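Undergrad: Okay, predicted coordinates and the sequence, questions at the end:
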Amino acid sequence: MEVEKRFKELKLFIADHLDLLNLEVLEHYPVIPKPYESWVDEINHFTSRELIELENGQINDLDLAQEFKTFLFKCRELSTLPKANLSSHPIPKHHLRKMTEKKRHEISLLMDQLKFDKKIFDLGSGAGHLSGVLLEGNQKQSLCVDQDPALQEIGKKKLEHLKSRLKFKALKFNRDTSALTSTDYTLLGLHSCGELSLDMMRYGVRHHHKKIVSYGCCYHKLNCLNFSGAQDLELSNHALTMAAKSYKKMTEKEFIQRESVKRYRYTLHFIMRDHLGLSFRTLGNGMKADYKGKFAEYCHKFVSETKRLSASELEQMYLTYRNEYERFLRFGIIRSCLSRPLEVYLNLDRCLYLIKNGFKIEVQEVFDRSLSPRNISIVAHLEES
Ligand SMILES: C[S@@+](CC[C@H](N)C(=O)[O-])C[C@H]1O[C@@H](n2cnc3c(N)ncnc32)[C@H](O)[C@@H]1O
């Protein structure tokens, strides 16, 4: 894949839809801007199953007008990355206890991806589960760094038998940290949140590390949005949050659960604007029970101004706003189609930074998205000068 070409194509495409990405759909209420308004109309009759397919990018069989279809195919085309050809290795039994299916899946593939790496600097290691498995049955070494000392203590206890080769260091890492004396460590960041991925790359560049392996996540925690010097789109925190949640495969059960949350949230916002003169604001996360109880109770709990309306008025409004809710739900699904292109774009910005600094890079999709959607791997090798 030609990184720079794809990056430029993504930039142009995202720029065309920047307002859609940057604003929460509710911030547009009551207007759905063009051309999305007509796309919402096109999918107004869609069943839940069809909406789920659309959200999951299964778009081949959907009956849609050309402009909308072109948008969806572009989202897919521009976010498609080469799939890694890795074998899944068995994880030794004693490591499996309490390990989630997601972690097992990731680690079993990373065992293949890192099979020739003898020294690993595991950044944002958590309790060191990954390093622990990577060091079994060989002479590899790892230094696990995490800012959370409690997690490290758990790791130290669990991985006591590897203590001569597996070290833990509790510190908040940044680009200026002097943590290693040797540069023959592979820098590894598995889901190193936000800025940590960037600091790992800056550190690798500064100290001439030969290899960097990075899986990004939590893009909304980034401080620097123009890493390579070529990323000049103004991206909001809403957009970055969406990128951090992208590519998750929606199931019917999750779709239905999300419906109840969204219907309450959206309807409350419509009422706040139309009946109370309040503008959009983030309401914070409710608990499951909040969305199962009476709508009026939910309103009174989250927005005290709604107490100016009686419970029966609020319940009546809940019913009246059904169509509006359906339209904004669909608008949100259209918006979500941009989340993976944005994630790929942010990762290519990282690739451009590494290329500019003398690395040869490989960017691939590694994990199965239904188990681990933050599955973009950047592997960078310092080119011999
Ligand atoms: C999403 S978790 C990933 C943990 C582990 N790599 C995994 O994949 O299971 C991110 C970890 O990075 C750590 N972290 C975030 N920023 C850090 C920093 N600046 N320095 C050290 N650790 C950091 C957090 O404490 C957390 O344990």
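TA: Thanks, I have the structure now. Residues are numbered from 1 along each chain as shown.
Undergrad: What is the neighbour count of Thr282?
TA: 8 (other CB atoms under 10 Å). For the C-beta atoms, the positions are set from N, CA and C on the backbone; glycine is no exception.
Undergrad: for it, what are its contacts?
TA: Residues in contact with Thr282 (CB atoms under 8 Å, 6 or more residues apart in numbering): none are found.
Undergrad: give me phi/psi at it?
TA: With angles defined as degrees, to the nearest 10, Thr282 sits at phi -80, psi 130.
Undergrad: So it versus Thr241, what's the distance?
TA: 11 Å (CB to CB, to the nearest Å).
Undergrad: Ser125 now?
TA: 25 Å.
Undergrad: now Phe68
TA: 25 Å.
Undergrad: next one: Cys75
TA: Distance from Cys75 to Thr241, by CB to CB: 18 Å.
Undergrad: Over to Cys193?
TA: For Cys193, the distance to Thr241 - CB to CB - is 13 Å.
Undergrad: Based on its surroundings, how many neighbours for the residue of the stretch 101-250 of the chain found nearest the ligand?
TA: Nearest residue of the stretch 101-250 of the chain to the ligand (CB to the nearest ligand atom) works out as Gly124 at 2.7 Å. Counted with other CB under 10 Å, residues neighbouring Gly124 total 23.
Undergrad: now do Gln364
TA: 17.
Undergrad: So what touches the strand or helix carrying it?
TA: Assessed by DSSP states H and E, Gln364 sits inside strand 359-365. Strand 359-365 is contacted by residues 1, 3, 81-84, 205, 212, 347-348, 351, 354-355, 375-383 when judged by CB under 8 Å, 6+ apart.
Undergrad: change it to 7 Å
TA: 1, 3, 81-84, 347, 351, 354-355, 375-383 (CB atoms under 7 Å, 6 or more residues apart in numbering).
Undergrad: likewise stretch 189-200?
TA: For stretch 189-200, the external contacting residues (CB under 7 Å, 6+ apart) are 106, 110, 123-124, 130, 173-175, 187, 212, 214-219, 221-224, 227, 374.
Undergrad: I'd like the average pLDDT over that stretch.
TA: For stretch 189-200, the mean pLDDT works out to 96.
Undergrad: Narrow the contacts of strand 359-365 to just the buried residues.
TA: Neighbour counting with 16 or more other CB atoms under 10 Å marks 3, 81, 84, 347, 351, 354-355, 375-382 as buried within these.
Undergrad: Now the two most distant members of those residues.
TA: Asn375 and Leu382 (24.4 Å; CB to CB).
Undergrad: hang on, isn't Leu188 packed against Phe121?
TA: Yes - applying CB atoms under 7 Å as the test, Leu188 and Phe121 come out as touching, 6.5 Å apart.
Undergrad: which stretches of the stretch 51-200 of the chain form helices?
TA: For the stretch 51-200 of the chain, the helices defined by DSSP state H, counting those that start in this stretch cover 66-79, 101-113, 129-134, 149-158, 195-206.
Undergrad: now, of the ones you listed, which is deepest in the fold?
TA: Highest mean neighbour count among these (mean count of other CB atoms under 10 Å): helix 129-134, with a mean of 25.
Undergrad: what's the model's confidence in that helix, averaged?
TA: Helix 129-134 shows a mean pLDDT of 98.
Undergrad: Could you name the helices and strands sitting against that helix?
TA: helix 101-113, strand 119-123, strand 141-146 (3 or more CB pairs under 7 Å, 6 or more residues apart in numbering; DSSP states H and E).
Undergrad: Now do Lys292 against the ligand, distance only.
TA: 30 Å (CB to the nearest ligand atom, to the nearest Å).
Undergrad: so how far is Asn375 from the residue nearest in space to the middle of the chain?
TA: Among the residues of the chain, the one closest to the centroid is Ala244, at 2.1 Å (CA atoms, centre = their mean). For Ala244, the distance to Asn375 (CB to CB) stands at 13 Å.
Undergrad: picking that back up, OK, contacts around the residue of the stretch 101-250 of the chain closest to the ligand?
TA: Asp146, Gly189, Ser192, Cys193, Leu196.
Undergrad: Please, a ChimeraX command that selects the buried ones among these?
TA: Selecting only the buried entries of these in ChimeraX, with 16+ other CB under 10 Å as the criterion:
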select :146,189,192,193,196
